[in-house]
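**Q** okay, here's the prediction I keep looking at, along with the sequence it came from:
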Amino acid sequence: MNKITKPKLVKIRSVNQARKYGIAAVTLKELVKKGCNLLKISGPRIQICLYEDGTIITEEYFQNLPDNTELVFLTDGQSWNGFAFEINQVLGLDTHTDLLISAAKDLLSDEHSPKRRRILGDLLRNLKDNSDVESREKDKEWFEGVDVRFKTKSAYMKYNCESRIRGYLKEVDGYTKTIQNNKAKNEYKKVVEILAEKLKSVRYNGVYFDRSESEAHRLCTEEGWFSCQGAFDENECTFFHSINPYGNRESRILFSTWNLDHLIEKKRTVIPTLAEVLKGKKSSDINLDYFYKLLFTQENLKLVHIVCHKKGAHELSCDSRKIYKRVKRTVK
């Protein structure tokens, strides 16, 4: 008595159509016959491949496929290199963006490939891009959770940067309580006041995150794209991290995990050295502009993705050691 083979359930589509069809077949030959009728295609040489990566299906391969595997029918002369095919087809073509989003979401359901899910997740997030829109009125979703006083994305992003710089000033001020000598403490307080006034005059360097500012001042492109500048001990980001917080709400929130990292460390080096050089000196005796640059400007700050933010003690490079020695010589 012949063994009855259970039909294999798969999803099929053609190269030129995004629509998928469910179909059942016991053998690859049966699948080809049924699929050609359903997709209304024909030819002397029909092949079937995996939608995911373009692997050509043989009879043996077909018998070992899990149910609901997605397959693509190829006629003579056609090829399919997986998901990259649809990316090439629709990248930059707004009318087909929904197709790419749908395809990416399907692949995201594969729990056996976390790396691919992460890549596709980034792709989907960036496809939902409204970076060309600036006002709250035209992109209300982007402004969810943002105080109503902010009417444009640039205004909020500027405030975001200002808040970070204000936080650095607060840390400088907080160090005051650790200084035991009253005279030195009073001079340190004067320094904090001077730094605060200087920051206030330049709006706390909020221009760094404001895409409406001139290219010389901002850290992003005119469209709002930021690129990771790499870890403190590297010349560039080896992962090519980038993000556009102007594009959508999710990217705006994710951008909060990026850091403005001090090359010469703020807490371990710059602030303690500032207090040290004030011992027996007046605030007017030291080069405050130099400390200002180290604490609050791009001269000592790098924008880095959280992965590139090394939180341990910075082992200074030769160039950084020279800067460190200059810090020690800031007394006029």
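**A** Perfect, I can see it now. Numbers count the residues shown, from 1 in each chain.
**Q** mind checking the longest helix of this structure?
**A** Ranked by residue count under DSSP state H, the longest helix found in the chain is helix 153-174.
**Q** export that helix to PDB, keeping only CA atoms.
**A** Only the C-alpha atoms of helix 153-174 are listed here, as PDB (Å, rounded to 0.1, in the frame of the first residue of the first chain):
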ATOM      1  CA  LYS A 153      10.900  70.400  14.700                       C
ATOM      2  CA  SER A 154      14.000  72.600  14.500                       C
ATOM      3  CA  ALA A 155      12.900  74.600  17.600                       C
ATOM      4  CA  TYR A 156      12.500  71.400  19.600                       C
ATOM      5  CA  MET A 157      15.800  69.900  18.400                       C
ATOM      6  CA  LYS A 158      17.500  73.100  19.300                       C
ATOM      7  CA  TYR A 159      16.000  72.900  22.800                       C
ATOM      8  CA  ASN A 160      17.100  69.200  23.000                       C
ATOM      9  CA  CYS A 161      20.700  70.200  22.500                       C
ATOM     10  CA  GLU A 162      20.400  73.200  24.900                       C
ATOM     11  CA  SER A 163      19.100  70.800  27.600                       C
ATOM     12  CA  ARG A 164      22.200  68.600  27.200                       C
ATOM     13  CA  ILE A 165      24.600  71.500  27.500                       C
ATOM     14  CA  ARG A 166      22.700  72.900  30.500                       C
ATOM     15  CA  GLY A 167      23.100  69.500  32.100                       C
ATOM     16  CA  TYR A 168      26.900  69.800  31.600                       C
ATOM     17  CA  LEU A 169      26.800  73.300  33.300                       C
ATOM     18  CA  LYS A 170      24.900  71.800  36.100                       C
ATOM     19  CA  GLU A 171      27.600  69.200  36.700                       C
ATOM     20  CA  VAL A 172      30.200  72.000  36.700                       C
ATOM     21  CA  ASP A 173      28.200  73.900  39.300                       C
ATOM     22  CA  GLY A 174      27.600  70.700  41.300                       C
END
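**Q** what does it rub up against?
**A** Residues outside helix 153-174 that contact it (C-beta atoms under 8 Å, 6 or more residues apart in numbering) are 133-135, 139, 142-143, 146, 150, 192, 195-196, 199, 203-212, 224, 245-246, 255-256, 260, 266-267, 271, 274, 295-296. Backbone N, C-alpha and C define where each C-beta goes, glycine included.
**Q** same check, this time on stretch 239-250
**A** 125-126, 128-131, 141-145, 153-154, 157, 211, 220, 223-228, 251-252, 254-255, 258, 305, 307-308.
**Q** filter those residues to the buried ones?
**A** The neighbour-count test (16 or more other C-beta atoms under 10 Å) marks 125-126, 129-131, 142-143, 153-154, 157, 211, 220, 224-228, 251-252, 254-255, 258, 305, 308 as buried among those.
**Q** which of those fall within strands?
**A** Among the buried ones among the contacts of stretch 239-250, DSSP state E puts 226-227 in strands.
**Q** number of nearby residues for the residue nearest to Glu144 when sequence neighbours are not counted?
**A** Counting by C-beta to C-beta, 6 or more residues apart in numbering, Glu144 lies nearest to Arg249, which is 5.8 Å off, once chain neighbours are set aside. Arg249 has 19 neighbours, counted by other C-beta atoms under 10 Å.
**Q** distance check, the nearest residue to Gln63 once chain neighbours are set aside against Thr297.
**A** Once flanking residues are discounted, Gln63 sits nearest to Lys8: 7.4 Å by C-beta to C-beta, 6+ apart. Distance, Lys8 to Thr297, by C-beta to C-beta, to the nearest Å: 64 Å.
**Q** which one of the two is surrounded by more residues?
**A** More crowded of Lys8 and Thr297, by other C-beta under 10 Å: Lys8, with 21 against 13.
**Q** alpha carbons of stretch 193-202, as PDB, please.
**A** Extracted C-alpha coordinates of stretch 193-202, given in PDB (Å, rounded to 0.1, in the frame of the first residue of the first chain):
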ATOM      1  CA  GLU A 193      28.700  82.300  36.700                       C
ATOM      2  CA  ILE A 194      31.000  83.500  33.900                       C
ATOM      3  CA  LEU A 195      30.500  80.200  32.000                       C
ATOM      4  CA  ALA A 196      26.800  80.400  32.500                       C
ATOM      5  CA  GLU A 197      26.600  83.900  31.100                       C
ATOM      6  CA  LYS A 198      28.800  82.900  28.100                       C
ATOM      7  CA  LEU A 199      26.500  79.900  27.400                       C
ATOM      8  CA  LYS A 200      23.400  82.000  27.700                       C
ATOM      9  CA  SER A 201      24.700  84.500  25.100                       C
ATOM     10  CA  VAL A 202      25.000  81.700  22.600                       C
END
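**Q** buried stuff in that stretch?
**A** 194-196, 199.
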